[in-house]
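Peer 1: Requesting a structural model of the entry that follows:
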Amino acid sequence: MATQKPSARFVPTLTEVVQPGQADASPGMDRDTLVEQVLQTVKPKLEQQLRASLQALVEQQMREAAPRLQKDIEEAVDMAVALAIARMSRPKK
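Peer 2: Here you go, the predicted model:
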């Protein structure tokens, strides 16, 4: 009499589709050629992730720098206006 084995409680799930054969290593292939093939395969995804990371970093730096830059601009405008007023109020010779 065969008894049915209980199924596993946690079954691993494949979450990513793997495409075979994109970087096939032949027996005579040298290391540099294989590295180049792998890099060409992953390059588009790496570039996309790099762009996203750099964009987030630049946006963070801009958010942090904006108040300081605005303060510097306000001070420069204030000094320019004060200098212009001082020049206008001097008696002409």
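Peer 1: use CA for all of it now, contacts and neighbours both
Peer 2: Will do.
Peer 1: in this protein, which spans are helices?
Peer 2: 31-89 (DSSP state H).
Peer 1: Low-confidence ranges, it, go.
Peer 2: Applying pLDDT under 70 to the chain flags the ranges 1-27, 93.
Peer 1: Residue 35: neighbour count?
Peer 2: Using other Cα atoms under 10 Å, the number of residues around residue 35 comes to 13.
Peer 1: And residue 86, by the same measure?
Peer 2: There are 10 residues near residue 86, going by other Cα under 10 Å.
Peer 1: ok, now residue 39?
Peer 2: 13.
Peer 1: so what's it up against?
Peer 2: By Cα atoms under 8 Å, 6 or more residues apart in numbering, the contact list for residue 39 is empty.
Peer 1: From residue 52, how far off is it?
Peer 2: 19 Å (Cα to Cα, to the nearest Å).
Peer 1: go on, residue 83?
Peer 2: Here the criterion is Cα to Cα. By it, residue 83 lies 45 Å from residue 52.
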